[in-house]
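Colleague: Give me coordinates for this.
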Amino acid sequence: MAVLPLEKLHIVVHKSVKDRFLHELQRQGLVHITEMEERSLQPSSDLTRVNEALAQLSSYKKRGVLEMFLPVKRSITTTIYDVSSRSYDYQTTVSEISHLKVQREQHIARLHRLQEDTSLLEISAGILDNNSVYLFSRRKLHK
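Modeller: Got it, this is the predicted structure:
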């Protein structure tokens, strides 16, 4: 029988299938197995720093994202809620919001008119002579 040169292999398998896997390899006579001792890996300095930071932060109460930026609201009783809701004038708030919506629409319409006037002025402005005299549109500008 010829002797073949040996090659060193490192095989990694899960512990749950280790014994079956080794037995099958030895049964087929494919490899000569020597087990390596398990050793723990030394964690990197970054991992050590992260673990230390997590250990220090773990003592703090976990909060939601918004709670980090907004104050935590205190709870109120049903009686206080009922009194507050009855005393608040919702109709005034609704009418103020409606008035603000109308004003907003008026301002948007005025903005569009001003943009139109600006574009007309830019188009119709021209230099008539070397004295830098400008000709403007005769369209009535909105106030």
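Colleague: same for the strand or helix carrying E24, what does it pack against?
Modeller: Assessed by DSSP states H and E, E24 sits inside helix 15-28. Judged by 3 or more Cβ pairs under 8 Å, 6 or more residues apart in numbering; DSSP states H and E, helix 15-28 is in contact with no other helix or strand. For every residue, glycine as well, the C-beta is placed using N, CA and C.
Colleague: any idea how far that helix is from the chain center?
Modeller: 48 Å (Cα atoms, centre = their mean, to the nearest Å).
Colleague: Show residues contacting the helix or strand that that helix is followed by.
Modeller: Moving toward the C-terminus from helix 15-28, the next helix or strand (DSSP H and E) is helix 45-57. Applying Cβ atoms under 8 Å, 6 or more residues apart in numbering, the contact partners of helix 45-57 are P43.
Colleague: What are the buried residues along helix 45-57?
Modeller: Residues of helix 45-57 include none that count as buried (16 or more other Cβ atoms under 10 Å).
Colleague: going on from it, what's the next piece of helix or strand?
Modeller: Sequence-wise, the next helix or strand downstream of helix 45-57 (DSSP H and E) is helix 65-69.
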